[in-house]
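**Q** No letters, just coordinates:
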């Protein structure tokens, strides 16, 4: 994997963690996500 792709994947991961982290527990529940799963969801979404 090249450096640019790795950086973009890392950036997507960080952005997803940040956005999900700002959501309330209720909003996360509506999406079917537990707060403890945020990092794994972000990892899957970013292709990491």
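**A** Arrived safely, thanks for sending. Note that the coordinates shown come from a computational prediction; the quantities given were computed from them, not determined experimentally. Residues are numbered from 1 along each chain as shown.

**Q** Can you list the low-confidence ranges for the chain?
**A** 1 (pLDDT under 70).

**Q** Please name the nearest non-neighbouring residue to the residue positioned nearest the centre of it.
**A** Nearest to the mean C-alpha position of the chain, by CA atoms, centre = their mean, lies residue 42 at 2.2 Å. In this structure, residue 42 finds its nearest non-sequential neighbour in residue 16, 3.8 Å apart by CB to CB, 6 or more residues apart in numbering. Just so you know, the C-beta spots here come from the backbone N, C-alpha and C atoms, and that holds for glycine as well.

**Q** ok, now which ones touch the one you found?
**A** Residues near residue 16 by CB atoms under 8 Å, 6 or more residues apart in numbering: 41-42, 45-46.

**Q** hang on, the earlier thing: wait, isn't the residue nearest to the centre of the chain in contact with residue 20?
**A** Yes - counting by CB atoms under 8 Å, residue 42 does reach residue 20; the two are 6.7 Å apart.

**Q** returning to what we had before: quick check: which element contains the residue nearest to residue 42?
**A** Assigned by DSSP states H and E, residue 16 belongs to helix 3-21.

**Q** Buried residues, that helix. List them.
**A** 9, 12-13, 16-17, 20 (16 or more other CB atoms under 10 Å).

**Q** could you point out which element follows that helix?
**A** helix 25-31.

**Q** to the chain's geometric centre, what's the distance from the helix or strand just after that following helix?
**A** With elements assigned by DSSP H and E, the helix or strand that comes after helix 25-31 is helix 38-46. Centroid separation between helix 38-46 and its chain, computed with CA atoms, centre = their mean, to the nearest Å, is 4 Å.
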